[in-house]
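Peer 1: Fold the following and give me the result.
(chains A and B)
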2 protein chains.
Amino acid sequence: MAEAETKRVKPEDAPYELIYWPKMPGRGEFIRLLFEEAGVSYMDTAKQESEAVPRVLDLVGADSKGDKNNAPVFACPALVHGDVTLSQTPNILLYLAPRLGLAPAEGNGVYQLNQIVLTILDFLSNEVHETHHPVAVSAYYDDQKPEAKKRAKSFTGERLPKFLAYLQRVLDGEASGDGPWLHGGKLTYADLVLFQGIHGTEYAFPKTMKKMRESGKYDGVFKLFEAVKERPNISAYLASDRRAAYSEGIWRHYPELEEE
Amino acid sequence: MAEAETKRVKPEDAPYELIYWPKMPGRGEFIRLLFEEAGVSYMDTAKQESEAVPRVLDLVGADSKGDKNNAPVFACPALVHGDVTLSQTPNILLYLAPRLGLAPAEGNGVYQLNQIVLTILDFLSNEVHETHHPVAVSAYYDDQKPEAKKRAKSFTGERLPKFLAYLQRVLDGEASGDGPWLHGGKLTYADLVLFQGIHGTEYAFPKTMKKMRESGKYDGVFKLFEAVKERPNISAYLASDRRAAYSEGIWRHYPELEEE
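Peer 2: Below is the predicted model:
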């Protein structure tokens, strides 16, 4: 009995497993960046060849009802950690960040970070996805091109500059502290989320983002982006084959969506 | 000095102040329902007549940079509690729920609830809003009616049934526990969020929701809705003039969006 107990893995020491679609960065990338920056090992089912898709489908299947601790998962990414299974990108990040030293483990700082992260995800992930799928998530892009063009115009012309101006105000504000970071003068998971959001949006809308960069209005935002990119663990990750190329995910490059 | 200290209000005892647009339930309603169910008093700037709109505009103004503890707010609702100012609906709920006895204060239950709440808000708040504003948030509905019709068709025909089926699986799953509730056999803030989501969606899409109700496929979901509605504090609130009527917010009733 005593022996069995000493052999049991403590929940906090259990391995982290990320379950996500293969062959794209997607929403899973926000989570990967936390592990990579922290230098903490994780299993990534997206890299398990023929196992990857079945693992996702099994988790989100229409028969899945979760288990005694966990509700079923509506969509991936999901995180499995010991007997905990969690979904929803900002929720997984919130769970992981204090454990990986990328958010304060106590006090109200984590709500400040969660607020910023939810806002980044709204714009640079969800709204970017809406630009190519404005009328039906389940339909092809080719079947909603005229609507996509309108939505993209509103995104690049109004929403994106408004959001970048907000982020610049976060960086100019006192609560961001010293240095290039979003909160409290230290690198947190919010900075990693912003990095990926900008990186993906630069892929999807290169002309627009070049204009934003060159306008000089959001210098703090792009300085933060570069500061994350130069972190040793992040830079090694970006150069590795663990980093997937953009494809049919959230961030897609359709040149016609940036035409004048 | 000692006297000044005893007079100082402890952060946890500070009054709660909700800052939101007047004359609509909107996203502020998710937050109001927590206070109402818990029987905890709160200031609601939406009810402050001529002060309501200036208070929102002041908070989200393009010059606002927050203060030493708080990042600026991108959009309302916002919560002010002592020296804490927070935005983003799911974030405010996450902060309040354990304090109001509507989520576990310790352990991983709160991540389970946050996952469910984020999914409810995605569908019954964000996607409902997209049905009338699929191409530009800043433009009038009248200027995007054909696109709205397509988006609404995809929402009522595919997304909504898929989501209700998921919720029914949450309720059928072991982690929901006994009784009508979503998690752990007890009323939590996730149940209140679901109530408001269903209530608003029934207003926006009455024919569709009637069909969903009568299909018998999601009985647990509608049973939960009724169970929340009958809570004494909720039922008193719904009958009071504190509950605003639906208008130009997230949940709008445009009959043409449900035509066959």
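
Peer 1: Kindly report the residues of the stretch 101-250 of chain A close to chain B.
Peer 2: With Cβ under 8 Å from any Cβ of the partner chain as the criterion, the stretch 101-250 of chain A meets chain B at residues A:108, A:111-112, A:114-116, A:118-119, A:126, A:130, A:134-139, A:144, A:147, A:150-151, A:153-154, A:158-159, A:163, A:165-166, A:169-170, A:172-176, A:182-183. Bear in mind the C-beta positions are built from the backbone N, C-alpha and C, glycine included.

Peer 1: Which ChimeraX command selects the buried ones in those residues?
Peer 2: Restricted to buried positions by 16 or more other Cβ atoms under 10 Å in any protein chain shown, the ChimeraX selection for those reads:
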select /A:108,111,112,114,115,116,118,119,126,130,134,135,136,144,147,150,151,153,154,159,163,166,169,170,173,175,176,182,183
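
Peer 1: Narrow the residues of the stretch 101-250 of chain A next to chain B to those in helices?
Peer 2: Among those, DSSP state H puts A:111-112, A:114-116, A:118-119, A:130, A:147, A:150-151, A:153-154, A:163, A:165-166, A:169-170, A:172 in helices.

Peer 1: So residue A:18 lies in a helix, does it not?
Peer 2: No: applying DSSP: H, G, I helix; E, B strand; the rest coil, one finds residue A:18 to be strand, outside a helix.

Peer 1: contacting residues for the residue nearest to it when sequence neighbours are not counted?
Peer 2: Excluding its sequence neighbours, the residue lying closest to residue A:18 (Cβ to Cβ, 6 or more residues apart in numbering or on different chains) is residue A:44, at 5.1 Å. Going by Cβ atoms under 8 Å, 6 or more residues apart in numbering or on different chains, residue A:44 touches A:18, A:20, A:28, A:32, A:242.

Peer 1: gap between residue A:44 and residue A:212?
Peer 2: Distance of residue A:44 to residue A:212, computed by Cβ to Cβ, to the nearest Å: 31 Å.

Peer 1: can you check residue A:80 too?
Peer 2: From residue A:80 to residue A:212 the distance is 38 Å (Cβ to Cβ).

Peer 1: ok, now residue A:237?
Peer 2: Distance of residue A:237 to residue A:212, given as Cβ to Cβ: 25 Å.

Peer 1: so where's chain A uncertain?
Peer 2: Applying pLDDT under 70 to chain A picks out residues A:1-11, A:260.

Peer 1: burial of the closest residue to residue A:75 other than its chain neighbours, as a residue count?
Peer 2: Distance criterion Cβ to Cβ, 6+ apart; nearest residue to residue A:75, sequence neighbours excluded, is residue A:60 at 6.0 Å. Neighbour count for residue A:60, taken as other Cβ atoms under 10 Å in any protein chain shown: 17.

Peer 1: do the same with residue A:106
Peer 2: 7.

Peer 1: middle-most residue in chain A, spatially?
Peer 2: By Cα atoms, centre = their mean, chain A has its centre lying nearest to residue A:30, at 2.7 Å.

Peer 1: anything in the helix or strand that one falls within near chain B?
Peer 2: Under the criterion of DSSP states H and E, residue A:30 resides in helix A:28-38. No: counting by Cβ under 8 Å from any Cβ, chain B has no neighbours in helix A:28-38; the shortest distance is 13.9 Å.

Peer 1: Could I have the CA atoms of that helix written out in PDB?
Peer 2: C-alpha atoms of helix A:28-38 as PDB (Å, rounded to 0.1, in the frame of the first residue of the first chain):
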ATOM      1  CA  GLY A  28      -2.800  25.100 -30.400                       C
ATOM      2  CA  GLU A  29       0.200  27.400 -31.100                       C
ATOM      3  CA  PHE A  30      -0.700  29.800 -28.300                       C
ATOM      4  CA  ILE A  31      -0.300  26.900 -25.900                       C
ATOM      5  CA  ARG A  32       2.800  25.500 -27.500                       C
ATOM      6  CA  LEU A  33       4.600  28.800 -27.000                       C
ATOM      7  CA  LEU A  34       4.100  28.700 -23.200                       C
ATOM      8  CA  PHE A  35       5.700  25.300 -23.000                       C
ATOM      9  CA  GLU A  36       8.500  26.300 -25.300                       C
ATOM     10  CA  GLU A  37       9.300  29.500 -23.500                       C
ATOM     11  CA  ALA A  38       9.200  27.700 -20.100                       C
END
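
Peer 1: which outside residues touch that helix?
Peer 2: Outside helix A:28-38, the residues that reach it (Cβ under 8 Å, 6+ apart) are A:16, A:18, A:20-21, A:25, A:41-42, A:44, A:46, A:76-77, A:79, A:89, A:92-93, A:96-97, A:100-102, A:121, A:125, A:187, A:189, A:192-193, A:195-196, A:200, A:231, A:233-234, A:237, A:242, A:244.

Peer 1: Can you flag which of those belong to helices?
Peer 2: Counting by DSSP H, the part of the contacts of helix A:28-38 found in helices is A:89, A:92-93, A:96-97, A:121, A:189, A:192-193, A:195-196, A:200, A:233-234, A:237.

Peer 1: Identify, from these, the entry nearest to residue A:71.
Peer 2: residue A:92 (13.8 Å; Cβ to Cβ).

Peer 1: Quick check: closest non-adjacent residue to the closest one.
Peer 2: residue A:79 (4.6 Å).

Peer 1: Equivalent analysis for residue A:254, please.
Peer 2: Residue A:254 sits nearest to residue A:132 (Cβ to Cβ, 6+ apart), 6.3 Å away.

Peer 1: State the distance from residue A:220 to chain B.
Peer 2: 12 Å (Cβ to the nearest Cβ, to the nearest Å).

Peer 1: isn't that residue right up against residue A:166?
Peer 2: No: between residue A:220 and residue A:166 there is no contact, the gap being 11.6 Å when judged by Cβ atoms under 8 Å.

Peer 1: In stretch A:215-226, which residues are buried?
Peer 2: By neighbour count with 16+ other Cβ under 10 Å, stretch A:215-226 contains the buried residues A:218, A:220, A:221, A:222, A:224, A:225.

Peer 1: swap in stretch A:23-40?
Peer 2: By neighbour count with 16+ other Cβ under 10 Å, stretch A:23-40 contains the buried residues A:24-38.

Peer 1: Look at residue A:237 and residue A:212 and report which has more neighbours.
Peer 2: Of the pair residue A:237 and residue A:212, residue A:212 is the one with more neighbours under other Cβ under 10 Å, namely 21 against 16.

Peer 1: hang on, isn't that one packed against residue A:162?
Peer 2: No: taking Cβ under 8 Å as the definition, residue A:212 is not a contact partner of residue A:162, at 11.5 Å.

Peer 1: what about residue A:88, neighbour count?
Peer 2: Count around residue A:88 with other Cβ under 10 Å applied: 26.

Peer 1: got a list of what it touches?
Peer 2: Neighbouring residues of residue A:88 by Cβ under 8 Å, 6+ apart: B:114, B:115, B:118, B:119.

Peer 1: got the contact list for the last one?
Peer 2: With contact taken as Cβ under 8 Å, 6+ apart, residue B:119 is in contact with A:74, A:87, A:88, B:163, B:166.

Peer 1: if you set the cut-off to 10 Å instead, what comes out?
Peer 2: For residue B:119, the contact set (Cβ atoms under 10 Å, 6 or more residues apart in numbering or on different chains) comprises A:71, A:73-75, A:87-88, A:91, B:163, B:166-167, B:170, B:190, B:193-194.

Peer 1: Ok, the third one next?
Peer 2: Contacts of residue B:118 were listed using Cβ under 10 Å, 6+ apart, and they are A:74, A:87-91, A:118, B:89-90, B:93-94, B:126, B:190, B:193.

Peer 1: go on, the first one?
Peer 2: Contacts for residue B:114 were tallied using Cβ under 10 Å, 6+ apart; they are A:86, A:88, A:90-92, A:94-95, A:114, B:90-91, B:93-94, B:97, B:103, B:189-190.
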